[in-house]
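[1] With the input below, show me the fold.
(chains A and B)
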Amino acid sequence: MGDFTMPSLGADMESGKVTHWLVKPGDEVKRGDIVAVVQTEKSEIEVEIFEDGTVEELVVAEGSQVPVGAVLAHIATRGPAKAPGERRSVPPVAREPATGHEVRAASRHVQGATSHGPLVESPIVRHLAERLGVSLESLSGSGLGGVVTRADVERAANTSAARAGQLGSRRPASSPFARRLAGELGVDLAQVTGTGPGGSVIERDVRRAGLTAASEVRGTPEATSHDRQRAMQRAVGALMARSKREVPHYYLRETIDLSTSAAWLEQANLERPVEDRLVMAALLFSATARAVKRVPEVNGFYVDGSFVPSASVHLGIAISQRSGGLIAPAIHDADQLGLTELMRQMKELVIRAREGILRSSEMSDPTITVTNLGDRGVESVLGVIYPPQVALVGFGRESEQPWAANGVVDVRRCVVATLSGDHRVSDGIRGARFLREIDRLLQEPEKL
Amino acid sequence: MTSDEARALMRSVLHSIAPEADLDQVAEGETLQEALDLDSIDFLEFVTGLAKATGLEMPERDYPELSTVEGCIAYLTSH
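    Below is the predicted model of the structure:
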């Protein structure tokens, strides 16, 4: 039995409004399912659940505004109970202990734990189960002493695949939110081509279809959107005031020669179909995420008087919303992604952020944030750190600059990179090393 | 493609990227990026939308031409 609580979707969030339930009592839920839509001052967020189970009771009605940590629903769980005092690799941003909706990194960690659940024949079988998406906890082992064997796992995988097949024949795979949205917009899901994982229909596909079909904008009334904008400005302001009050910032800047990256990018894009083309921001973000490996002090959270480094790099991307707000959701494990995948996720995140609909995990766990001014920006930006994060990287507008090297001056394509660092955790020397590492990585774009 | 069709296509692609963007607000010679506040990802989505609708390849070297209303209409009607 677990409580599904109002998640903290950013350090500035104190309460949220449950605008839609996407499940009802009796529904089976799986880790990662989107179960509710919560509206904060900043955005509508699709809230994911982080354990498997059955919805027992919805405690809070649609339309209710409740504080962070309040119980929203009771979930009967099948998954392993978290051992008391177990340390998470990444602490959640939540002020309340998070239950039922751990940050994604944490749930991965729990999944890997071997001290709970049934005995398994070998690590290979455990690995197989993971690969086939079979929950070991739900299996009864047929081996000696109830040990789970390879055959048990394969049988379970076949059964669930068959079940998925039956579902698939009725309708294209789609997220609950996409289905709800399709209903609202009058879009027939069967007519929509999915661009999500495995061709599933995601919310964006539905929106596209809805726009094409009706070419009618489903906009919030002017007054509401104006109020939202003011509320958001206040929320951002409160967080930034806290940051400026509590975080002793230091600032560094370095002009980076992008000639090599720009030439590589031009060549790469020649060979890519238009939907796979890259923009410079993808290279800048990838270099930033990878540079963290050398200087881990910039990646993690400062909580309760001490720094907790994060093993994963969840790169927060500052995105301006068309309504005038600013939001910085995360690309998970950005250091592990190739440029094509990073670019794909960036595009998707920008679209969803602009439409004002993000997922809870994206909002709650960026470990470092980057802000990129882009073509229409200015030379450089010195940002304010998002607490409880400890660093913020800024990129200005790319421009041609006179560049002196080896006694000769020529013209290079450049960008000014800046670092706002938290002096409680790192210092100018470590910060400089981080910026120089970003520079170094951008001189070898083929390795990004 | 006629120039009216080209304008209609631009309008519908833009609408899916930036619903509030109004093509009529773009002055002659002004870039779409400046006039409609599109960043590099938005502009890439715009080109992607046009390329998908027309089957044209639209390499990066053609982006400058595609970034004004007149240039884009000329490009779409002549290709």
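
[2] Mind jotting down where the helices sit in chain B?
    Ranges of helices in chain B, per DSSP state H, are B:3-17, B:32-36, B:40-54, B:63-66, B:69-78.

[3] typo on my end, chain A
    Using DSSP H, the helices found in chain A span residues A:104-112, A:123-132, A:150-170, A:176-185, A:203-214, A:222-246, A:259-270, A:280-291, A:339-355, A:360-364, A:428-442.

[4] Which positions within the shortest one qualify as buried?
    When burial is assessed from 16 or more other C-beta atoms under 10 Å in any protein chain shown, helix A:360-364 yields the following buried residues: A:360-364. Glycine gets a C-beta too; all of them are placed from N, C-alpha and C.

[5] looking only at pLDDT, what's the mean for that helix?
    For helix A:360-364, the mean per-residue pLDDT is 79.

[6] And the fifth one, by the same measure?
    Averaging pLDDT along helix A:203-214 gives 59.

[7] Next: the second one.
    Model confidence over helix A:123-132, given as mean pLDDT, is 65.

[8] Can you tell me which helices and strands the least confident helix or strand in chain B by mean pLDDT packs against?
    Of all helical and strand segments in chain B, the minimum by mean pLDDT, DSSP states H and E falls on helix B:32-36, at a mean of 89. Counting contacts by 3 or more C-beta pairs under 8 Å, 6 or more residues apart in numbering or on different chains; DSSP states H and E, helix B:32-36 is packed against helix B:40-54.

[9] The helix it packs on packs against which elements?
    If you count contacts as 3+ C-beta pairs under 8 Å, 6+ apart, helix B:40-54 packs onto helix A:280-291, helix A:339-355, helix B:3-17, helix B:32-36, helix B:63-66, helix B:69-78.

[10] Which residues does it contact?
    Helix B:40-54 has contacts (C-beta atoms under 8 Å, 6 or more residues apart in numbering or on different chains) with A:274-275, A:277, A:279-281, A:346-347, A:350-351, A:374-375, B:1, B:9-10, B:13-14, B:16-18, B:32-33, B:38, B:56-58, B:63, B:66-67, B:72, B:76, B:79.

[11] Please tell me how far the residue most central in space within chain B sits from B:Glu30.
    Residue closest to the average C-alpha location in chain B (C-alpha atoms, centre = their mean): B:Met10, at 5.0 Å. Plainly put, B:Met10 is 14 Å away from B:Glu30 if you go by C-beta to C-beta, to the nearest Å.

[12] Next up, the contacts around A:Val37.
    Contact partners of A:Val37, counting by C-beta under 8 Å, 6+ apart, are A:18-20, A:22, A:44-47, A:177, A:357.

[13] what's the answer for A:Pro67, then?
    Applying C-beta under 8 Å, 6+ apart, we find A:Pro67 in contact with A:6, A:14-15.

[14] Over to A:Ile317?
    Residues near A:Ile317 by C-beta under 8 Å, 6+ apart: A:285, A:328-331, A:346, A:349-350, A:369-370, A:372.

[15] if we go to 10 Å?
    A:281, A:285, A:327-331, A:334, A:345-346, A:349-350, A:353, A:362, A:366, A:369-372 (C-beta atoms under 10 Å, 6 or more residues apart in numbering or on different chains).

[16] Mind listing the residues bridging to A:Gln401?
    Beta bridges link A:Gln401 to A:Arg412, judged by DSSP bridges.

[17] show me where pLDDT drops low in the stretch 101-250 of chain A?
    Counting by pLDDT under 70, the stretch 101-250 of chain A contains low-confidence residues at A:101-128, A:130-133, A:137-138, A:140-147, A:157-188, A:190-191, A:195-200, A:203-204, A:207-225.

[18] correct me, but A:Glu41 touches A:Arg228?
    Yes: here A:Glu41 reaches A:Arg228: they are 7.2 Å apart, a contact under C-beta atoms under 10 Å.

[19] Quick one: name the residues of chain B near chain A.
    Within chain B, the residues that sit near chain A (C-beta under 10 Å from any C-beta of the partner chain) are B:11-12, B:15-21, B:31, B:33-34, B:37-45, B:47-52, B:56-61.

[20] Separate out the buried members of these.
    Buried subset of the residues of chain B next to chain A (neighbour count, 16+ other C-beta under 10 Å): B:15-19, B:21, B:31, B:33, B:38-45, B:47-51, B:58.

[21] Thought B:Leu66 was touching the residue nearest to the centre of chain B, still the case?
    Yes: with contact taken as C-beta under 10 Å, B:Met10 and B:Leu66 are classed as touching, separated by 9.4 Å.

[22] Which residues are in contact with each of these two?
    B:32, B:46, B:50, B:72, B:76.

[23] quick one: the second one from chain A, how far?
    It stands for B:Phe46. B:Phe46 sits 10 Å away from chain A, going by C-beta to the nearest C-beta, to the nearest Å.

[24] measure stretch A:362-379 end to end?
    One end of stretch A:362-379 sits 29 Å from the other (C-alpha to C-alpha, to the nearest Å).

[25] Where does pLDDT dip in the stretch 301-448 of chain A?
    In the stretch 301-448 of chain A, residues with pLDDT under 70: A:323.
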